[in-house]
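A.B. asks: build me a model from this:
(one chain, ligands or ions: 2)
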Amino acid sequence: MEKHLKVSAIKDGTVIDHIPTKALFKVIKILKLEECSQMVTFGNNLDSKAMGTKAIIKIANRFFADEEVNKIALVAPHAKLNTIRDYEVIEKRVVETPSEIRGIVKCFNPSCITNAENIPTRFDVLSDKPIAMKCFYCEKITNENEMAIF
Ligand code: CTP
Ligand code: ZN
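C.D. replies: Ligands and ions are numbered 1, 2, ... in the order given. Okay, the predicted model is just below:
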């Protein structure tokens, strides 16, 4: 039995668990946590029974709406959201890939208007595991392995 948590428990807020290690900083970016003024703590390359290694992020005093947090499904499809109130886990949620993505991801097509002009990207998600997204503007498909986050 471990004596200490690797990342300290929080009193109130959100714990995002089971993030793939490669996705940690992408999740931070997607949720704009660099702009968050609350206490944000995270750990990477932590041992995980299910995943081998994983990352975890703890955000004090922040509670996310589904549509805000579902965007992270693009990079962390098995992430689990734990809502913490007074040190207790009061809710667990899984993330769901949205059917439409605006911003976040670049269009793979170099000739796409979104890569030439200051137009926010927009995609229809065709499949979620693995991710395939169709650009609203050029209709080219961006796949998971080509997916670049802004
Ligand atoms: N946690 C926390 N602060 C608290 C309570 C929980 O940071 N006050 C964290 C735990 O460290 C854990 C996550 O929230 O990473 C979920 O807590 P819990 O449900 O108790 O852990 P598990 O049963 O291991 O979660 P699961 O099996 O659902 O992944
Ligand atoms: Zn495009």
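A.B. asks: CA only for contacts and neighbour counts going forward, please
C.D. replies: Noted.
A.B. asks: helix, strand, or coil at residue 47?
C.D. replies: Under DSSP: H, G, I helix; E, B strand; the rest coil, residue 47 falls in the strand class.
A.B. asks: swap in residue 134?
C.D. replies: Under the three-state scheme (three-state DSSP), residue 134 adopts strand.
A.B. asks: for it, what are its contacts?
C.D. replies: Residues in contact with residue 134, defined by C-alpha atoms under 8 Å, 6 or more residues apart in numbering, are 123, 124, 125, 126, 140, 141, 142.
A.B. asks: and residue 83, how many neighbours?
C.D. replies: A total of 22 residues lie near residue 83 under the criterion other C-alpha atoms under 10 Å.
A.B. asks: my bad, residue 113
C.D. replies: Using other C-alpha under 10 Å, residue 113 has 15 neighbouring residues.
A.B. asks: which residues touch residue 135?
C.D. replies: Listed by C-alpha under 8 Å, 6+ apart, the contact partners of residue 135 are 107, 121, 122, 123, 124, 141, 142.
A.B. asks: what's the weakest-modelled helix or strand in this protein?
C.D. replies: The helix or strand with the lowest mean pLDDT-type score in the chain, counting by mean pLDDT, DSSP states H and E, is helix 66-69 (a mean of 93).
A.B. asks: how is this structure divided into domains?
C.D. replies: Domain assignment of the chain by automatic domain parsing yields the ranges 13-94, 100-149.
A.B. asks: any residue of the last one touching ligand 2?
C.D. replies: Translated: domain 100-149. Yes - using C-alpha under 5 Å from the ion as the criterion, contacts between domain 100-149 and ligand 2 involve 107, 112, 135, 138.
A.B. asks: please tell me how far the first one sits from ligand 1.
C.D. replies: Residue 107 sits 33 Å away from ligand 1, going by C-alpha to the nearest ligand atom, to the nearest Å.
A.B. asks: list, one by one, the residues from this protein near ligand 1.
C.D. replies: 9, 10, 11, 15, 17, 82, 84, 87, 88, 89 (C-alpha under 6 Å from any ligand atom).
A.B. asks: neighbour-wise, give me the winner out of those residues.
C.D. replies: Note: the member of those with the most neighbours is residue 15, at 26 neighbours, neighbours being other C-alpha under 10 Å.
A.B. asks: export the contacts of residue 135 to JSON lines and tack on pLDDT, distance to residue 26 and neighbour count?
C.D. replies: As requested, those are arranged in JSON lines below (pLDDT from 0 to 100; distance: C-alpha to C-alpha, whole Å; neighbours: other C-alpha atoms under 10 Å):
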{"residue": "107", "pLDDT": "97", "distance to residue 26": "17", "neighbour count": "31"}
{"residue": "121", "pLDDT": "97", "distance to residue 26": "17", "neighbour count": "19"}
{"residue": "122", "pLDDT": "97", "distance to residue 26": "18", "neighbour count": "20"}
{"residue": "123", "pLDDT": "98", "distance to residue 26": "18", "neighbour count": "24"}
{"residue": "124", "pLDDT": "98", "distance to residue 26": "20", "neighbour count": "17"}
{"residue": "141", "pLDDT": "97", "distance to residue 26": "21", "neighbour count": "20"}
{"residue": "142", "pLDDT": "96", "distance to residue 26": "17", "neighbour count": "22"}
